[in-house]
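> predicted coordinates and the sequence they were generated for:
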Amino acid sequence: MGAYAEFKDGNRTIFTPKASFTVEGGKRYRFRVISNALTVCPIQISVDGHTMTVIASDGSPFQPFEAESFNILNGERYDFILHANQTTNLRNYWIRARGQIMCGFNKAHQVAVLRYAGAPDVEPPELTDWDSSIRGGILLNPWNGASSDNEIEITRMRANVSDGDDGVLTSVPDKKFYFGMDFYKVDSYIVNHPEYYPLYVVDSTKRSYPTQINRISSRLPASPPLSQYDDVPESEYCNEFTVQKNCAKQWCSCVHKVDVALGDLVELIFVDEGVLREANHPIHLHGFKFRPVAMKKLNRSTSVSEVKELDKKGQIIRSTSRAPYKDTITVPSGGYVVLRFRADQAGMWFLHCHITSHTSNGMGVIVQVGDKSEFPKPPKNFPRCGSWNYADEPYDEDDDHEKNGEPSQPLVVQCINPPNSSVPQSYMSSRMLVLIAGILSVLISSAFTLSVE
Ligand SMILES: [Cu+2]
């Protein structure tokens with residue numbers, strides 16, 4: 001896979017071959033790039049000697065935009081047209097992927113070859129190390145908002161279809177949610193234990209703080225709420241309006257959920273408070289394409305109340321036409337992003353940071369759209385899932401559900417222990433991680449695998 005993966009064959013060292021894309025001079029090629037990065041890892045994509053015409057993101061087209069490079073974050077997809085404009089003195093060029101933030105600590109990078117048909121069969125002469133892979137010029141999608149004229153936020157792209165009359169960009173939202181998020185200095189059961197292994201006993205450089213939204217570490221319910229709505233007690237859910245504790249002082253954990261009516265125009269304002277560390281959280285919404293209508297980094301850190309105040313004063317200017325369609329977007333650290341969508345699909349939709357460990361540690365929220373009577377019905381014999389006590393129901397080989405090749409009754413599998421169980425939260429987290437990682441691995445595939453040289 002990776003050009004830097006090293007194998008030994010006796011005394012010989014073998015590197016895996018580099019990916020190669022052959023083009024004919026004078027033609028245009030569409031490239032589709034997907035990031036399945038797991039950690040905080042915006043990847044800068046560029047092609048030596050060429051610019052890229054970026055035409056779409058997350059499967060939705062926008063007006064073509066010429067750039068020297070773009071950043072792609074976890075779960076995002078970008079489509080660009082490469083004009084193979086070399087027709088004489090043909091040679092080959094590097095296609096580069098350069099990891100940043102946490103991937104920058106180890107200088108993670110990767111290259112592929114843009115091979116011109118008819119060019120000598122040799123690799124490009126330019127260095128391929130991380131430092132040599134910085135590309136200047138116009139950069140699309142800086143992760144902390146634009147800090148120069150060369151940096152262009154994704155919110156500045158323009159959809160290439162007219163807005164229609166759905167009022168998403170122009171009407172007053174029916175529901176508006178502020179989501180403050182960050183790493184927070186609170187003793188959680190996720191990696192610490194307030195009594196046996198509290199946060200303060202860990203060296204300050206090695207602490208792992210819980211990632212939360214509105215100071216809540218979300219957990220997954222014991223049963224899937226879409227297909228088994230009544231199996232999830234209402235008491236498992238909470239949000240900032242219902243939570244009983246002071247979550248700034250005590251760890252708060254529940255199935256984090258907010259409710260909207262079917263057909264509501266919803267506005268989400270994500271604020272990365274940027275308190276403990278500068279990281280970035282690519283936010284992904286299932287079930288809908290949202291319109292990012294505003295994005296700004298305010299300072300090194302900020303707060304929900306500061307952003308609310310700006311909004312009250314009319315200082316958050318929203319796009320009112322042709323905002324692009326996206327389903328994943330990063331939020332500037334110490335800044336905000338404003339997203340709008342029409343909640344026209346009933347169900348339970350997961351909204352979460354696309355960094356795996358952050359999601360499994362609770363940086364997610366369920367958006368319930370509509371009443372359960374409006375939800376689509378699960379198919380007959382759809383597998384069921386829930387808490388299951390082995391002692392209550394020992395396995396009976398004679399009652400094998402695979403008898404005759406068909407399940408005789410809905411399959412019951414154990415998923416996650418209920419909140420009142422004595423099972424430690426860290427155990428629950430690891431199970432959530434497995435579940436979420438499984439979902440993510442189905443949803444996305446890799447375009448580039450980064451390695452450290
Ligand atoms: Cu995150």
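Great, that's in hand. Keep in mind that this is a model prediction, so the values were computed, not measured.
> tell me the residues of the stretch 351-453 of the chain that contact the ion?
Residues of the stretch 351-453 of the chain lying near the ion by Cβ under 5 Å from the ion: 353, 355, 358. (Glycine included, C-beta is placed from N, CA and C.)
> possible to save these as a markdown table with pLDDT?
Converted to a markdown table, these look like this (pLDDT from 0 to 100):
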| residue | pLDDT |
| --- | --- |
| C353 | 97 |
| I355 | 96 |
| H358 | 94 |
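> any of those buried? List them.
353, 355, 358 (16 or more other Cβ atoms under 10 Å).
> secondary structure element holding the last one?
Under the criterion DSSP states H and E, the helix or strand holding H358 is helix 356-360.
> ok now that helix, how far from the chain's centre?
Using Cα atoms, centre = their mean, to the nearest Å, the distance from the centre of helix 356-360 to the centre of the chain it belongs to is 10 Å.
> and for stretch 300-309?
With Cα atoms, centre = their mean as the basis, stretch 300-309 stands 23 Å off its chain's centre.
> cool, stretch 331-347 as well?
13 Å.
> pull the CA atoms of it into CSV?
C-alpha atoms of stretch 331-347 as CSV (Å, rounded to 0.1, in the frame of the first residue of the first chain):
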residue,chain,number,x,y,z
VAL,A,331,-14.5,23.6,12.9
PRO,A,332,-11.8,26.2,13.5
SER,A,333,-10.2,25.8,16.9
GLY,A,334,-11.2,28.9,18.9
GLY,A,335,-13.9,29.6,16.3
TYR,A,336,-17.3,28.5,14.9
VAL,A,337,-19.1,27.0,12.0
VAL,A,338,-22.8,27.5,11.2
LEU,A,339,-24.6,24.7,9.4
ARG,A,340,-28.2,24.5,8.1
PHE,A,341,-30.3,21.7,6.9
ARG,A,342,-34.0,20.8,6.3
ALA,A,343,-34.8,17.8,8.6
ASP,A,344,-37.0,16.0,6.0
GLN,A,345,-36.0,12.4,6.8
ALA,A,346,-37.5,11.0,10.0
GLY,A,347,-35.2,8.9,12.2
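> say whether the ion is contacted by it.
No: judged by Cβ under 5 Å from the ion, stretch 331-347 and the ion are separated, with a smallest distance of 9.0 Å.
> what residues of that stretch count as buried?
Within stretch 331-347, the residues that count as buried by 16+ other Cβ under 10 Å are 331-343, 345-347.
> contact partners for the spatially closest residue to N150 that is not a sequence neighbour?
Nearest non-adjacent residue to N150, counting by Cβ to Cβ, 6 or more residues apart in numbering: I138, 5.5 Å away. By Cβ atoms under 8 Å, 6 or more residues apart in numbering, I138 lies in contact with 66-69, 150, 152.
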